[in-house]
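**Student:** Need a 3D model of the sequence below.
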Amino acid sequence: MGKFVRPLQGEILRETRSDQRRTLRLSGRVSSSGEWAQAMIANMSETGLMFETLVDLAMGEIVSVDLPFIGSCDAKIVWNDGNLYGCEFLTPVSQHTISAALLQAPGDVRDSEIESTVEEMPIGIKPTLEELTEWKLEFEQTKGSSGYRLVGFRQAADGMTIAMVSKTN
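**Tutor:** Now for the predicted structure:
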């Protein structure tokens, strides 16, 4: 009877861990050797994240993950499945950081849109929330009505905020 207790406890821990993860679709960048590559963040928690990238990374490798409006976080690759990588942050991030990432992730993004070509549109250097809101309203009225969809944002080293958009079919 005692041998059934451990698997049950392991299952409960697994459920708790996944409950803390927030699913999102956020475009970011990843670097392991100083060169940055595009990545799509699929989920995130205070202790780690999962992303997809075309770059080959090794188990145990330390990478920098650049998140829009948040900055760079160092993480260790703990598993991979093809182009999907699971990472553990070297320093856990705050719940505020996760909330900021969730705010940047567009809602209801379909996989077919993520695979489409992403274009970048500069918005401005360190824009305020009001300026971002005005830009998004204008985007929706102009480009949005032409079939473009906002995928996410990224911030360049000089503070330039760049919108990442894709053309929908």
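**Student:** alpha carbons only for contacts and neighbour counts from here, please
**Tutor:** OK.
**Student:** Near Val30, how many other residues are there?
**Tutor:** By the criterion of other C-alpha atoms under 10 Å, Val30 has 26 neighbours.
**Student:** In three-state terms, label it for me.
**Tutor:** Assigned by DSSP: H, G, I helix; E, B strand; the rest coil, the conformation of Val30 is strand.
**Student:** pLDDT below threshold where in the chain?
**Tutor:** In the prediction, the chain carries residues with pLDDT under 70 at positions 1-24, 68-70, 101-117, 168-169.
**Student:** quick one: the strands in it?
**Tutor:** Secondary structure of the chain (DSSP state E): strands located at 22-31, 36-44, 48-52, 62-67, 71-81, 84-89, 118-125, 148-155, 160-167.
**Student:** between those strands, which one is nearest to Glu140?
**Tutor:** Nearest to Glu140 among those is strand 148-155; the distance by C-alpha to C-alpha comes to 8.2 Å.
**Student:** Pull the contacting residues for Glu131.
**Tutor:** Residues near Glu131 by C-alpha atoms under 8 Å, 6 or more residues apart in numbering: none.
**Student:** can you redo the strands of the chain as a markdown table with distance to Ala100?
**Tutor:** Formatted as a markdown table, these follow (distance: least, C-alpha to C-alpha, whole Å):
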| stretch | distance to Ala100 |
| --- | --- |
| strand 22-31 | 11 |
| strand 36-44 | 11 |
| strand 48-52 | 14 |
| strand 62-67 | 10 |
| strand 71-81 | 11 |
| strand 84-89 | 17 |
| strand 118-125 | 18 |
| strand 148-155 | 12 |
| strand 160-167 | 15 |
